[in-house]
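Novice: model the following, please.
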Amino acid sequence: MEKAKTKSAAVFAGIGHYFGDFGRAVKDGDLFVKLSLLWMGAGYFRRKQYIKSILITIFEVLIIIYSVVFGLQYVPKFGTLGTVKREAVFNPMTMKNEFNQYDNSFMILLFSVITFVIWAAFLAIYISNVKRAYELQKMAENGEHINTFLEDVNTYRNENFHKTLLALPVAGVVLFTVVPLLILVLVAFTNYDQQHMPPGELFTWTGLTNFINLFGGGGLTITFGYAFVRVLLWTLVWAVFATFTTYIGGILLSLLINHKRVKGKKMWRTLFMVTIAVPQFVSLLLVRNFFANGGIVNTICANIGLTEFLRNAGIISTSYIPFLSSPGWAHVMIILINIWVGVPYQMLIATGALMNLPTDQIESARIDGANPTQIFRHITMPYLLFITGPALVTDFVKNINNFNVIYLLTQDVYTTTNQALANSQAKEVDLLVTWLFRLTQEYYNYKMAAVIGIMVFIVCAGFTLVAFTRMTKGNREEEYN
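Specialist: Below is the predicted model:
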C-alpha cells in the first residue's frame, strides 16, 4: 500500500514538474520565448536554428489547416453525434433523387477521436517546444554551445537513438491500439445497434444505460444482466481449468518423458508435438465433427451399446450422446479437448525449464533423505512456478480470450434452449469474447459488445496486475542462484 502511494505521489509530482517548467518558461522567457506561444518557430529562429524553425512552423501550419478544414467539421457535432438524417431529395435540375447533406454518427465519432488525439499530441509538442525555447535562451545567456540542425540530427543517431527507434512503434500503438480502444469505450455510452445503423440512421449518447442493462438494471423484463453473470462465471471457470490442467499436465508429461527409465525420449516428444504442428483450427474442426451428434464417436458409442445404457440410466434423453450440444456435456468436453491441444505446448516449456533445475539443491535434498515427492514439492515445482509464472499469467489471460477453441467447437453445433440467454444473443458455452463477437457480427449490437469489451479488459487487467505484483514481490532470484 505504501509503495503504491509513493508511486502515485511520484506520478503527480512529475506532472506538476512538467507543467511547472512550462509556466516558468512563459514567465521568465524573453520576447521570442513568449512569441513561441503563437509562432512555434520563434525561439529557434532567434537562436539561428533556421531549419528547425521552418520545420516546426510547417508542423504548426499543418495542424491549423487540418483543424480548420477537417477536424472542425466533426468536433462540433461530437456532443450530439449528428442531427441530420439521410433523406432522398428530388433535384429538379437533374430530375433525380439525391441524398441531402446528412450526418454519419460513426464518422463523427471516429474523426472526432482522431482529432482529439492529434490535438493532444500537438499540445504535448507545443509545451515541449516552449520549454525548449527557454532552454536555448538560458544556454545562450550562459555562453554554452547551441547545436546546429545537423548536430541535432546526429544526436538521434547516437545518444537519442532510442527515441528514433521508438517513434514509429509509438505512432503505430496510438493509431492501431489507442484510437480503437477510445472508440470502443465511447461506443459503450451510445445506442449504436442494428436499429441505429449509420448512414441510414443516427445513434447518440445514452450515458450509463448500457452498463445498467448489463448488470441487470433498467427495469427490463429480460436484461443482459442474466446472461452476463452466467457467461462471466463460465469464462472464469474455463480460464482456470484450461490454464491449470494444461500447465500441470505439461509438467507431469515432461517429467515422465525426461525420467531416466524412459526410452526413446525424442520419439515421445515428436509424437506429442504433432498436435502443435497441425494448425489448431484444423484439429478443432475435425474433433468437432468427431463428437457431433451424428459423428463417428456417437456412432461407435451406439454400436457398443453405451448410448442405450446412458439413456436407460436416465443420464441422457436423446438417441445420441450430446457431447457438444448440451450444457454440462459441452463444458466438460471443451475442457478435455483443450487439454489434448494444450498439454504438448506446455510440455515443451516445462522441458526447457527442467533442463536448468538447480541440481545442487536437488543433490543436497537427496543427501538429507528427501524422497522424489518431497523434492518435486519443495524444489521442482517452486522453481517451475518461478520460471514459468509470467507465462502462466499470460496463458490465463489468453484463455479468457480463447476465441478459437470455444467458437470452432460449438459453432453450428450448439443451440441454446434457454430463452433468457437467447434474448441476449448468448449461449451457455460462450465466453465473453465469443459473446462479443456474436453481438457484433451476427446481431450488430455494437453498444453492448463495447460494454462487454470493457468488462473483458477490466477482468484481464485486474488479474494481470494482481498476479504480477505478487510474483515480483521480494527478491526470489537469490533462491535459485
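Novice: elements contacting the helix or strand containing Ala120?
Specialist: Using DSSP states H and E, Ala120 sits within helix 105-141. Counting contacts by 3 or more CB pairs under 8 Å, 6 or more residues apart in numbering; DSSP states H and E, the secondary-structure elements packed against helix 105-141 are helix 2-28, helix 31-35, helix 42-46, helix 50-66, helix 72-74, helix 179-187. All C-beta spots, glycine's among them, are computed from the backbone N, C-alpha and C.
Novice: what about the strands in the stretch 351-481 of the chain?
Specialist: Secondary structure of the stretch 351-481 of the chain (DSSP state E, counting those that start in this stretch): no strands located.
Novice: show me where pLDDT drops low in it?
Specialist: 471-481 (pLDDT under 70).
Novice: out of the helices and strands packed on helix 105-141, which is the most enclosed?
Specialist: helix 42-46 (a mean of 23; mean count of other CB atoms under 10 Å).
Novice: what packs against that helix?
Specialist: Helices and strands touching helix 42-46, by 3+ CB pairs under 8 Å, 6+ apart, are helix 31-35, helix 50-66, helix 105-141.
Novice: how many other residues sit next to Val237?
Specialist: Applying the criterion other CB atoms under 10 Å, we find 12 residues in the vicinity of Val237.
Novice: so which of the helices and strands packed on helix 105-141 gets nearest Leu284?
Specialist: Relative to Leu284, the nearest member of these by CB to CB is helix 179-187, separated by 27.5 Å.
Novice: for the record, mean pLDDT for the next helix or strand after the helix holding Ala120?
Specialist: For helix 105-141, the succeeding helix or strand toward the C-terminus, using DSSP H and E, is helix 149-155. For helix 149-155, the mean pLDDT works out to 85.
Novice: and for stretch 22-41?
Specialist: In this model, stretch 22-41 has a mean pLDDT of 89.
Novice: what does stretch 104-124 give?
Specialist: 94.
Novice: could you pull out the buried residues of that stretch?
Specialist: Buried residues in stretch 104-124, counted by 16 or more other CB atoms under 10 Å: 104-115, 118-119, 122.
Novice: touching it from outside, list them.
Specialist: 63, 66-67, 70-71, 73-75, 77-78, 81-82, 174, 178-179, 182-183, 186-187, 190, 192, 196, 198-199, 202-204 (CB atoms under 8 Å, 6 or more residues apart in numbering).
Novice: related to what we said a few turns ago, and of the helices and strands packed on helix 105-141, who's closest to Arg132?
Specialist: With distances scored as CB to CB, the stretch of these nearest to Arg132 is helix 42-46 (7.0 Å).
Novice: kindly export that closest one (C-alpha atoms) in CSV.
Specialist: What follows is helix 42-46, C-alpha atoms only, in CSV (Å, rounded to 0.1, in the frame of the first residue of the first chain):
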residue,chain,number,x,y,z
ALA,A,42,10.3,31.9,-32.9
GLY,A,43,12.6,30.6,-30.3
TYR,A,44,14.6,28.5,-32.8
PHE,A,45,14.7,31.5,-35.2
ARG,A,46,16.2,33.7,-32.5
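Novice: quick check: Ala42 vs Ile334, distance?
Specialist: Ala42 sits 65 Å away from Ile334, going by CB to CB, to the nearest Å.
Novice: tell me the domain boundaries of the chain?
Specialist: Structural domains of the chain, as assigned by automatic domain parsing, span the residue ranges 18-207, 224-480.
Novice: now do the end-to-end distance for the first one.
Specialist: It refers to domain 18-207. End-to-end span of domain 18-207 (CA to CA, to the nearest Å): 33 Å.
Novice: list the contacts of the nearest residue to Asn258 once chain neighbours are set aside.
Specialist: The spatially closest residue to Asn258, leaving aside those adjacent along the chain, is Leu354, at 6.1 Å (CB to CB, 6 or more residues apart in numbering). Leu354 makes contact with Ser254, Leu255, Asn258, Thr380, Leu384 under the criterion CB under 8 Å, 6+ apart.
Novice: which residue sits closest to Leu285, ignoring its sequence neighbours?
Specialist: Per CB to CB, 6+ apart, closest to Leu285 is Leu408, 5.9 Å.
Novice: surely that neighbour is in contact with Leu284?
Specialist: Yes. Between Leu408 and Leu284 there is a contact at 4.1 Å, judged by CB atoms under 8 Å.
Novice: so who does Ile321 touch?
Specialist: Ile321 sits next to Val297, Asn298, Cys301, Leu306, Thr307, Leu310, Trp329 when contact means CB under 8 Å, 6+ apart.
Novice: and which of these is nearest to Gly20?
Specialist: Trp329 (64.1 Å).
Novice: next, count neighbours for Asp152.
Specialist: A total of 14 residues lie near Asp152 under the criterion other CB under 10 Å.
Novice: what residue, apart from its backbone neighbours, is nearest it spatially?
Specialist: Leaving aside its sequence neighbours, Asp152 sits nearest to Lys52 (CB to CB, 6+ apart; 6.9 Å).
Novice: quick one: contacts for the one you found?
Specialist: Under the criterion of CB under 8 Å, 6+ apart, the contact list for Lys52 reads Gly41, Tyr44, Phe149, Asp152.
Novice: so which of those comes closest to Cys460?
Specialist: Distance to Cys460 across the contacts of Lys52 (CB to CB) is lowest for Asp152, with 41.6 Å.
Novice: how about Leu186: what's its closest non-neighbour residue?
Specialist: What sits nearest to Leu186 in space, not counting adjacent residues and going by CB to CB, 6+ apart, is Leu109, at 6.2 Å.
Novice: and the gap between the one you found and Gln194?
Specialist: The spacing between Leu109 and Gln194, counted by CB to CB, is 17 Å.
Novice: can you pull out the helices in the stretch 301-450 of the chain?
Specialist: Counting by DSSP state H, counting those that start in this stretch, the stretch 301-450 of the chain has these helices, from start to end: 306-312, 329-354, 359-367, 372-375, 381-400, 403-410, 419-423, 432-441, 446-471.
Novice: out of those, nearest to Glu141?
Specialist: Nearest of the helices of the stretch 301-450 of the chain to Glu141, taken as CB to CB: helix 446-471 at 46.8 Å.
Novice: burial count for Phe291?
Specialist: Using other CB under 10 Å, Phe291 has 23 other residues around it.
Novice: show me the contacts for it.
Specialist: In this structure, Phe291 makes contact with Val297, Asn298, Phe323, Leu324, Met333, judged by CB under 8 Å, 6+ apart.
Novice: retrieve the pLDDT associated with it.
Specialist: What the model reports for Phe291 is a pLDDT of 92.
Novice: per-residue pLDDT, the closest residue to it other than its chain neighbours?
Specialist: The shortest distance from Phe291 to any non-neighbouring residue, by CB to CB, 6+ apart, is to Phe323 (4.0 Å). The model reports Phe323 with a pLDDT of 92.
Novice: okay, Phe323 and Ile337: tell me how far apart.
Specialist: In this view, Phe323 and Ile337 are 9 Å apart by CB to CB.
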